[in-house]
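Undergrad: This is the structure alone, sequence omitted:
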């Protein structure tokens, strides 16, 4: 039996946001010295994912899940620590972003694909599959800004699902579209996941989805790893933790 | 005596190095400091020599032991001025010290990234052009109609009302408007570039200057369409075109480079400074009048200022040269063009390094 290699390794990853945000020139002149506060979104996170495994990340809003995912996708690099993808290609699937509004769906498929590292020819070959899967019909040649939000997310899902990268990062997109498409995307997701070469990280609030899909779950709390381990155990603890808190405001 | 003679080469680099170390608040008497001063020494003296050669100083000026006091003083003044500017630009624009290793690293990365993302930039530009065509009523006709109408307005305003008397006035203006609008569109676009592409930037990594590059290709294509109109107008007005018209290509290339350079620097600041677009708007309007989009700077503004303005403002220079080679069959001032080419490469380099260093935090700000 072949030994499993790890596909993603994170070592002591820290990500900061400096709360300076926008500077306007008037503000700069009026206030002499801005305090440059630093918000630590992710603190000293270390974990690794084996090739072909599925890792779920769960946690409260603002606990740094999406930030971590973006960082793994390479949108920005961490302020400290190392992220090693072992040379695998990676794509981030998240809601509602990634399109140029004025361009048609077809153009957006090609452009997204090219940014994911595919050649124009490879994308042309798969374009029809993507369009079929997304079920947008003739809208594919209209500008993306005319799409309904459902069509928008369906297209986004299809692009990442059909252009297969070694590592898929999924940010809360499993509840896309109508009931029928949701079932279809979930089964497509399972199909992708069952390919034992593909490594997947899923961020979700839905305990049941994670329970169904994941081999391993990471619980992120205030940017730190609270717990990582077997799906059942971590999710059980998480549910227990969240339950009283949900009641407490009343 | 020997030291006095060669002092002229050292004053500027020492000043620049002093400013450099003061702005960086570091002690620079170590190995790194020596490297910095050596770099300043080479660059500043090379630049001062280049300027002397361009100004046509006689050969006596090349020998530090026999040259005149007047040349010495001018040389020192010039190189010191350049040194101060260079130090301020380097330390001001780049918030940390540059090391040679870093320059090499970013240069390699720039070429690797350019190769990797060039097809994307081309495809995105093509898609943008196509989208513009399909979404508008008159299709690509707008690329002709817009500059053409502008040309008519200016021709009537300045040709008839203000009685401008340049030869081939409509073409004269058309060239000015076409090149100026390429520049101004690039600059205005670059300030909002990262925020306008939020969707892409927050989802995937790409070197952010690729966005600008793609945008400039779109604008460049439209500019070429306008130049096709100019070609037709040349026939209509029976302009005698000479071989010097071939110089169009290098002029346009430098225009592209300089827009890319300035644009990439502004793009970086545009991410952080919300009201930058107002400032660039004002400055561009002012620049437009100083650039001579509808008059000849060197002729209309009293000497020496006219010539100085034309040579020191790259866009004015490029527009004037373009008119000279296309309309009046004059030879290209290739020395000055080369100088601006070098400077614009320098600007591009500053812009690209600034973006590489800071793009990590762009996503977190927008």
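TA: Yes, it's here. These figures come from a predicted structure and were not determined experimentally. Numbers count the residues shown, from 1 in each chain, chains lettered A, B, ... in the order given.
Undergrad: what's the nearest residue to residue B:309 if we skip its chain neighbours?
TA: Among residues not flanking residue B:309 along the chain, residue B:297 sits closest, at 5.3 Å (Cβ to Cβ, 6 or more residues apart in numbering or on different chains). Heads up, the C-betas are built off the backbone N, CA and C, glycines and all.
Undergrad: wait, isn't that neighbour in contact with residue B:323?
TA: No - in this structure, residue B:297 is not within contact of residue B:323 by Cβ atoms under 8 Å, at 10.7 Å.
Undergrad: Any figure for the gap between residue B:251 and chain A?
TA: For residue B:251, the distance to chain A equals 31 Å [Cβ to the nearest Cβ, to the nearest Å].
Undergrad: Kindly report the same for residue B:282.
TA: Residue B:282 is 12 Å from chain A, by Cβ to the nearest Cβ.
Undergrad: residues near that residue, how many?
TA: Residues within reach of residue B:282, counting by other Cβ atoms under 10 Å in any protein chain shown, total 10.
Undergrad: Need the three-state assignment for it.
TA: Three-state assignment for residue B:282 (DSSP: H, G, I helix; E, B strand; the rest coil): helix.
Undergrad: For it, give me the pLDDT.
TA: Note on residue B:282: pLDDT of 92.
Undergrad: just residue A:3 next, same as before
TA: Residue A:3 is assigned a predicted lDDT (pLDDT) of 56.
Undergrad: picking up where we left off before, so the residue nearest to residue B:309 versus residue A:199, what's the distance?
TA: The spacing between residue B:297 and residue A:199, counted by Cβ to Cβ, to the nearest Å, is 62 Å.
Undergrad: Please apply the same query to residue B:188.
TA: Per Cβ to Cβ, residue B:188 is found 43 Å from residue A:199.
Undergrad: Same question for residue B:211.
TA: Per Cβ to Cβ, residue B:211 is found 30 Å from residue A:199.
Undergrad: repeat for residue A:143
TA: Here residue A:143 is placed at a distance of 35 Å from residue A:199 (Cβ to Cβ).
Undergrad: The two: which is more packed in?
TA: residue A:199 (25 against 19).
Undergrad: Any idea what the more buried one is bridged to?
TA: For residue A:199, the beta-bridge partners are residue A:167 (DSSP bridges).
Undergrad: Could you count how many residues lie near the spatially closest residue to residue B:181 that is not a sequence neighbour?
TA: Spatially, and ignoring its direct neighbours in sequence, residue B:181 is nearest to residue B:147 (7.1 Å; Cβ to Cβ, 6+ apart). By the criterion of other Cβ under 10 Å, residue B:147 has 21 neighbours.
Undergrad: From the chain's centroid, how far away is the helix or strand containing residue B:147?
TA: Secondary structure from DSSP states H and E places residue B:147 in helix B:141-154. How far helix B:141-154 lies from its chain's middle: 25 Å, per Cα atoms, centre = their mean, to the nearest Å.
Undergrad: What lies in contact with it?
TA: Residues outside helix B:141-154 that contact it (Cβ atoms under 8 Å, 6 or more residues apart in numbering or on different chains) are B:132, B:136, B:138, B:170, B:173-174, B:177-178, B:181, B:222, B:225-226, B:229, B:293-294.
Undergrad: Now, of those, which are buried?
TA: Taking 16 or more other Cβ atoms under 10 Å in any protein chain shown as the criterion, what is buried in the contacts of helix B:141-154 is B:132, B:170, B:173, B:174, B:177, B:178, B:181, B:222, B:226, B:229, B:293, B:294.
Undergrad: mind listing what the first one touches?
TA: Neighbouring residues of residue B:132 by Cβ under 8 Å, 6+ apart: A:102, B:140, B:142.
Undergrad: who wins for neighbours among those residues?
TA: Busiest of the contacts of residue B:132 [other Cβ under 10 Å] is residue A:102, holding 16 neighbours.
Undergrad: Contacts only, for that one.
TA: A:143, A:144, A:145, B:128, B:131, B:132, B:135.
Undergrad: where along chain A do the helices fall?
TA: Under the criterion DSSP state H, helices of chain A are mapped to A:25-30, A:65-73, A:105-115, A:120-134, A:149-162, A:179-194, A:207-213, A:231-247.
Undergrad: For the last one, buried residues please.
TA: This means helix A:231-247. Residues of helix A:231-247 classed as buried: A:231, A:234, A:235, A:238 (neighbour count, 16+ other Cβ under 10 Å).
Undergrad: what separates stretch A:42-60 from the chain centre, distance-wise?
TA: The chain centre lies 12 Å from the centre of stretch A:42-60; the measure is Cα atoms, centre = their mean.
Undergrad: average pLDDT across that stretch?
TA: 85.
Undergrad: repeat for stretch B:5-17
TA: If you average the pLDDT over stretch B:5-17, you get 82.
Undergrad: What lies in contact with that stretch?
TA: So stretch B:5-17 is contacted by B:28, B:33, B:36-37, B:40-41, B:44-45, B:48, B:64-65, B:72, B:75-76, B:79-80, B:82-84, B:86-87 (Cβ under 8 Å, 6+ apart).
Undergrad: Okay, domains of chain B per the record?
TA: Chain B breaks down into these domains under automatic domain parsing: B:2-93, B:117-365.
Undergrad: Helix or strand for residue B:268, just tell me which one.
TA: Using DSSP H and E, residue B:268 falls in helix B:248-272.
Undergrad: Could you tell me which residues within that helix count as buried?
TA: B:248, B:250-252, B:254-272.
Undergrad: I'd like the average pLDDT over that helix.
TA: The pLDDT scores in helix B:248-272 average 92.
Undergrad: Stretch A:89-105 too?
TA: Stretch A:89-105 comes out at a mean pLDDT of 75.
Undergrad: what's the helix or strand containing residue B:336 packed up against?
TA: Counting by DSSP H and E, the element that carries residue B:336 is helix B:334-365. Applying 3 or more Cβ pairs under 8 Å, 6 or more residues apart in numbering or on different chains; DSSP states H and E, one finds that helix B:334-365 makes contact with strand A:6-18, helix B:31-55, helix B:69-93, helix B:100-135, helix B:209-236, helix B:248-272, helix B:314-327.
Undergrad: Could you export the ones you listed as JSON lines, including distance to residue B:306?
TA: What follows is the helices and strands packed on helix B:334-365, written out as JSON lines (distance: least, Cβ to Cβ, whole Å):
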{"stretch": "strand A:6-18", "distance to residue B:306": "47"}
{"stretch": "helix B:31-55", "distance to residue B:306": "18"}
{"stretch": "helix B:69-93", "distance to residue B:306": "22"}
{"stretch": "helix B:100-135", "distance to residue B:306": "37"}
{"stretch": "helix B:209-236", "distance to residue B:306": "25"}
{"stretch": "helix B:248-272", "distance to residue B:306": "20"}
{"stretch": "helix B:314-327", "distance to residue B:306": "10"}
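Undergrad: Would you mind finding the most buried of these?
TA: By mean neighbour count, with neighbours taken as mean count of other Cβ atoms under 10 Å in any protein chain shown, helix B:314-327 ranks first of these at a mean of 23.
Undergrad: Residue B:6: how many residues sit nearby?
TA: So residue B:6, with other Cβ under 10 Å, has 10 neighbours.
Undergrad: Is it in a helix, a strand, or coil?
TA: Three-state assignment for residue B:6 (three-state DSSP): helix.
Undergrad: Off-centre distance for the helix holding residue B:268?
TA: Distance, stretch centre to chain centre, for helix B:248-272: 6 Å (Cα atoms, centre = their mean).
Undergrad: for chain B, which spans come out with low pLDDT?
TA: For chain B, applying pLDDT under 70 flags the ranges B:1, B:22-29, B:57-64, B:92-99, B:135, B:366.
Undergrad: sorry, back to before: want to throw the helices of chain A into CSV with distance to residue B:11?
TA: Below are these laid out as CSV (distance: least, Cβ to Cβ, whole Å):
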stretch, distance to residue B:11
helix A:25-30, 35
helix A:65-73, 49
helix A:105-115, 51
helix A:120-134, 56
helix A:149-162, 61
helix A:179-194, 68
helix A:207-213, 69
helix A:231-247, 69
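Undergrad: Now do the buried residues in whatever helix or strand residue B:193 lives in.
TA: Assessed by DSSP H and E, residue B:193 sits inside helix B:169-196. Using 16+ other Cβ under 10 Å as the test for burial, helix B:169-196 gives B:169-194, B:196.
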